[in-house]
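Below are the sequence and a predicted model for it; my questions follow.
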Amino acid sequence: MFNGAATLRRLLSQPGVVRLIGAHNALGAKMAERANFDGVWSSSFEISASYAVPDASIITQSQHLAVARSMCCAVEVPVIVDCDTGYGDGFQFAHAVRRFEEAGVAGVCIEDKTFPKLNSFAPGKQELASIDAFVEKLRAGKRAQRTRDFVIIARVEALIAGGDIHEALTRARAYADSGADAVLVHSKSATIDELAIIAKSWDRPTPLVSIPTSYYQTTVEELEMLGIKMVIYANQGLRCALRAMERAYAEIMRSGSTASIEDQLWPMKAVFELQGLTDVEPIAANAISARGGQ
């Protein structure tokens with residue numbers, strides 16, 4: 001039986017960058033696996049967008065859990081869940097850790113903003129939790145996990161909230177010292193400069209994680225040279241799908257048929273394969289044979 005947490009631990013311990021890509025359902029997770037990503041980021045932003053609501057703590061823990069469980073059933077790569085601020089205080093986060101671990105999730109990530117959170121790239125003021133409060137939440141989560149392999153990632157939002165590099169480093173070190181299994185330092189800068197300073201100053205064995213949404217021109221090789229261990233492409237799947245849908249729908253409305261875009265569409269057979277229908281066909285044939293061809 002596939003063990004996502006053990007697989008993720010192994011990936012973190014061996015050479016090379018661990019690469020994840022965001023998804024908001026099991027089909028997206030299957031596409032990530034098909035593309036040979038090391039794992040899936042169950043993206044709060046993507047899930048919120050799929051419901052056409054803001055990424056602002058509107059989607060519940062139960063909804064996140066249902067999506068994560070469906071992903072874990074569909075793929076044999078680690079699934080890491082973006083748990084926003086942990087759904088409340090330490091009690092709520094501890095409960096979430098137990099539920100996600102039971103579902104087969106490899107790890108979770110929580111950010112050090114106050115509840116309700118606002119997406120890091122959305123306009124508006126970003127409020128940070130105190131270091132002490134967030135450390136207590138992390139420790140509650142670590143106490144709640146039942147296996148040693150389960151991974152808890154602490155996400156530092158100081159740079160997003162307008163803080164400086166010193167504050168980001170202070171928070172990152174505090175979270176690493178409190179038991180976080182990895183630290184994600186988030187930035188919306190168009191260059192890698194902020195993260196590079198932090199990475200070069202990093203003096204803990206805890207691996208660093210990057211989400212290069214805004215500094216997208218930075219390559220995975222450049223991030224690896226800085227000492228980044230995990231890279232998460234957190235929202236590109238949803239965004240490219242929306243662009244493709246926009247173009248296809250506009251062309252159908254313009255031309256009055258799908259003839260001009262048929263070569264851009266996935267064949268139905270390929271969709272059936274993702275759904276597992278190729279595995280069902282022999283079973284159906286055997287069932288018919290057992291009934292005497294009726």
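Thanks, I have the structure now. These numbers were taken from a predicted model, which means no experiment stands behind them.

CA only for contacts and neighbour counts going forward, please
Fine.

Need phi/psi at Val185.
Here is the backbone geometry of Val185 (degrees, to the nearest 10): phi -100, psi 110.

how close does it sit to Ile228?
Distance from Val185 to Ile228, counting by C-alpha to C-alpha, to the nearest Å: 10 Å.

Spell out which residues are contacts of both of the two.
Here Val185 and Ile228 have Leu208, Val209, Ser210 as joint contacts, going by C-alpha atoms under 8 Å, 6 or more residues apart in numbering.

about what we covered before: quick one, which of Val185 and Ile228 is more surrounded?
Under the criterion of other C-alpha atoms under 10 Å, the comparison of Val185 against Ile228 puts Val185 first, with 25 against 22.

re the thing from before, just the ones in strands from the shared contacts of Val185 and Ile228, please.
Among the shared contacts of Val185 and Ile228, the residues falling in strands (DSSP state E) are Leu208, Val209, Ser210.

partners of the first one in the sheet?
In this case it means Leu208. Beta bridges link Leu208 to Val183, Ile228, judged by DSSP bridges.

For it, give me its contacts.
Going by C-alpha under 8 Å, 6+ apart, Leu208 touches Ala182, Val183, Leu184, Val185, Ala199, Gly227, Ile228, Lys229, Met230.

go with 10 Å
By C-alpha atoms under 10 Å, 6 or more residues apart in numbering, the contact list for Leu208 reads 153-155, 172, 176, 181-185, 198-199, 202, 226-231.

what do you get for the second one?
Listed by C-alpha under 10 Å, 6+ apart, the contact set of Val209 reads 17-19, 153-155, 182-186, 199, 223, 227-232.

give me that answer again for 6 Å
By C-alpha atoms under 6 Å, 6 or more residues apart in numbering, the contact set of Val209 is Val183, Leu184, Ile228, Lys229, Met230, Val231.

picking up where we left off before, any chance of the ones in strands among the shared contacts of Val185 and Ile228 in JSON lines, with pLDDT and distance to Val77 too?
Formatted as JSON lines, those follow (pLDDT from 0 to 100; distance: C-alpha to C-alpha, whole Å):
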{"residue": "Leu208", "pLDDT": "98", "distance to Val77": "20"}
{"residue": "Val209", "pLDDT": "98", "distance to Val77": "18"}
{"residue": "Ser210", "pLDDT": "98", "distance to Val77": "19"}
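
Endpoint to endpoint, stretch 96-114 covers what distance?
OK, stretch 96-114 end separation, C-alpha to C-alpha: 17 Å.

what comes up buried for it?
For stretch 96-114, the neighbour count (16 or more other C-alpha atoms under 10 Å) marks 96-97, 99-101, 103-114 as buried.

returning to that earlier point: make JSON lines out of the ones in strands among the shared contacts of Val185 and Ile228 and add distance to Asn119.
Listed next are those as JSON lines, based on distance: C-alpha to C-alpha, whole Å:
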{"residue": "Leu208", "distance to Asn119": "21"}
{"residue": "Val209", "distance to Asn119": "18"}
{"residue": "Ser210", "distance to Asn119": "16"}
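
can you pull out the strands in the protein?
Assigned by DSSP E, the chain shows strands spanning 18-23, 39-42, 79-82, 107-111, 151-156, 182-185, 208-210, 228-233.

Just the pLDDT at Met1, thanks.
On the pLDDT scale, Met1 is placed at 88.

Let me see the contact set for it.
Listed by C-alpha under 6 Å, 6+ apart, Met1 has no contact partners.

where's it relative to Thr7, distance?
Counting by C-alpha to C-alpha, the gap from Met1 to Thr7 is 12 Å.

so where's the stretch 1-150 of the chain uncertain?
For the stretch 1-150 of the chain, applying pLDDT under 70 flags no range at all.
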